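*Asks:* Build me a model:
(3 chains)
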Amino acid sequence: MSKEYNIDKIAERINRIEDVLASVAAGDLDARINAEAEDDLSGIEAAIDLLIDDLTDELKQREKMQKEVEDKLSKIQEQQKTILQQQADLLELSSPVSKVWDNVLILPVIGTLDSQRTQVMMENLLEKIVETGCTISILDITGVPTVDTQVANHLLKTVTSARLLGAECIISGISPAIAQTIVHLGIDLSTIKTKATLQDAMIFAMKQNKRSENVKLQSLFTSSDEKEE
Amino acid sequence: MNNDLHEKRIPIIKIGNFLIVSIQVDMHDKLALQLQSQILQEIEKTGAKGVLIDISVLEMVDSFIGRMLSGMASMAAIMDAAVVIVGMQPAVAITLVELGLEMPGVDTALNMEYGMEMLERRLNDDDISLY
Amino acid sequence: MLGLTSDINWETLSKHLIDSENNIVEVRQLVRYHAKQLSMGIIDQTRITTAVSELLRNMYNYGGGGEVLIEKGIVDDKISLIITCTDHGSGIEDLELAMSDGYTSGNGMGYGLPGAKRLVDRFEIKSELNMGTIVRVMKWK
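*Replies:* Down below sits the predicted model:
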């Protein structure tokens, strides 16, 4: 029971298999053996072709999925950009500094303070101090529910920086909860002027104004219009 | 080198009882130290009671210049002259605080006018306490 | 710290030798210029310029001068200014100590390294005794 094998032919076919496998490995997914003969070897050849078919399908599937993921990702990134931009806008909007009296600025803070927002707030306030030449500013945190170590440190930094510019910064509206947290956290606010309410802070600021020679309270009441720029 | 330092010499102007120094150049360390002793000598020479140092054009104050300025204030204080640092930029102030230099005990003013008023007030207070 | 972060895609903006106090002034002004080019905010410009000034002073006073490399590149997906200061001085014996607040090795310094670290977004240091010190700082845009 022996078949006649043509050794040359077999060698040629094995070479062909090797070639095809090599091209598939190199990325040519269209390469197939496409055996014509019907013998022992052809089974292997057909199996290899099938395997390549499967592999091709799999790869195409994966490519498609990857593309979908990439599309989604770029969409998300786009949205993220918008969100970041809006956040930045909101930051600017949420810390308005206004001049309420001669020589007095007020920055009312409402909502949760995070590190980034406090940073923007601090920059705005300091810029405004220089711009207006007001030597007293009140940072009112009545609308702030909680304060953590980082935020407390930012507040401290703001007050210290304002002092370096030549201005005094008072923090008002410290709720019992915030007072408790600050002391529990071991943050030393003793170097800072703090007031319970915005009203107290305003009274303090007025008294300071009265004391300093460059602003005379009395002239404000009589000729406040003239003094406006 | 010496020549180079002379070129960058920072002028010290005397007005009444006060000295006015306006730092207009980005100082290197030697120049900063030179300015420090120059001001102290001028205090001695003129008997000035106050010094206004305007740093409004300085875009950067690092630890060396910061220390020079606060040292300057303490040294002048011993010589009975008050120092006021005038016109520090917000970015400079924030950076100094972050650097760890909070300059306690150094008087500051938003601008020349306020600084001058501050010194005058101080001088008046001193007069009152005398009599 | 094992090594310094680096990337072949970083673009060299300029390179300088520090051997006089005037160099220090020139280079820190250049750092501000590049920070401005990257459209950093005024406070960040001041932070990086001040940090570099501290590093250059350390390098000049204790490392006997050295080289500064200013680069631009992407670090952690963020556009950054990267500044590398290399000296060939005696190196730092105890890095942890040198990085602690208030520590001073010479004429009343002590804000230099820890201060500079607080002003930048990333701070990397590598020092070998008798070989020198490399400090690399980065500031995101």
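*Asks:* Every contact and neighbour count from this point should use C-alpha atoms.
*Replies:* Noted.
*Asks:* ok, the most centrally placed residue in chain B to residue B:18 distance?
*Replies:* Centroid-nearest residue in chain B: residue B:53, 3.5 Å away (criterion: C-alpha atoms, centre = their mean). Counting by C-alpha to C-alpha, to the nearest Å, the gap from residue B:53 to residue B:18 is 11 Å.
*Asks:* hmm, back to that, got the contact list for the residue nearest to the centre of chain B?
*Replies:* Neighbour list for residue B:53: B:20, B:21, B:22, B:23, B:83, B:84, B:85, B:86 [criterion: C-alpha atoms under 8 Å, 6 or more residues apart in numbering or on different chains].
*Asks:* Just give me the closest of those residues to chain C.
*Replies:* Checking these against chain C with C-alpha to the nearest C-alpha, the nearest one is residue B:23 at 14.8 Å.
*Asks:* and the nearest residue to that closest one once chain neighbours are set aside, how many neighbours does it have?
*Replies:* Nearest residue to residue B:23 in three dimensions, chain neighbours excluded: residue B:55, at 5.6 Å (C-alpha to C-alpha, 6 or more residues apart in numbering or on different chains). For residue B:55, the count of nearby residues is 21 (other C-alpha atoms under 10 Å in any protein chain shown).
*Asks:* State the distance from residue B:55 to chain C.
*Replies:* According to C-alpha to the nearest C-alpha, to the nearest Å, residue B:55 stands 15 Å off from chain C.
*Asks:* what phi and what psi does the backbone show at that residue?
*Replies:* Backbone dihedrals for residue B:55, given as degrees, to the nearest 10, come out at phi -120, psi 30.
*Asks:* again, but for residue A:144
*Replies:* Torsion angles, degrees, to the nearest 10, at residue A:144: phi -100, psi 120.
*Asks:* Then residue B:28?
*Replies:* The phi and psi values for residue B:28, taken as degrees, to the nearest 10, are phi -90, psi 170.
*Asks:* which residues sit in contact with it?
*Replies:* Neighbour list for residue B:28: C:21, C:22, C:24, C:25 [criterion: C-alpha under 8 Å, 6+ apart].
*Asks:* Which of the helices or strands spans the residue nearest the centre of chain A?
*Replies:* What sits nearest the mean C-alpha location of chain A, by C-alpha atoms, centre = their mean, is residue A:84, with 6.5 Å. Assigned by DSSP states H and E, residue A:84 falls within helix A:40-93.
*Asks:* Which strands and helices lie in contact with that helix?
*Replies:* The helices and strands touching helix A:40-93, judged by 3 or more C-alpha pairs under 8 Å, 6 or more residues apart in numbering or on different chains; DSSP states H and E, are helix A:115-132.
*Asks:* near chain B at all, the helix it packs on?
*Replies:* Yes: counting by C-alpha under 8 Å from any C-alpha of the partner chain, contacts between helix A:115-132 and chain B involve A:123, A:126, A:127, A:130.
*Asks:* which residues touch the nearest residue to the last one once chain neighbours are set aside?
*Replies:* What that stands for is residue A:130. Using C-alpha to C-alpha, 6+ apart and skipping the chain neighbours, the partner closest in space to residue A:130 is residue B:110 (6.7 Å). Contact analysis of residue B:110 by C-alpha under 8 Å, 6+ apart lists A:130, A:133, A:135, A:165, A:166, A:167, B:86, B:87, B:88.
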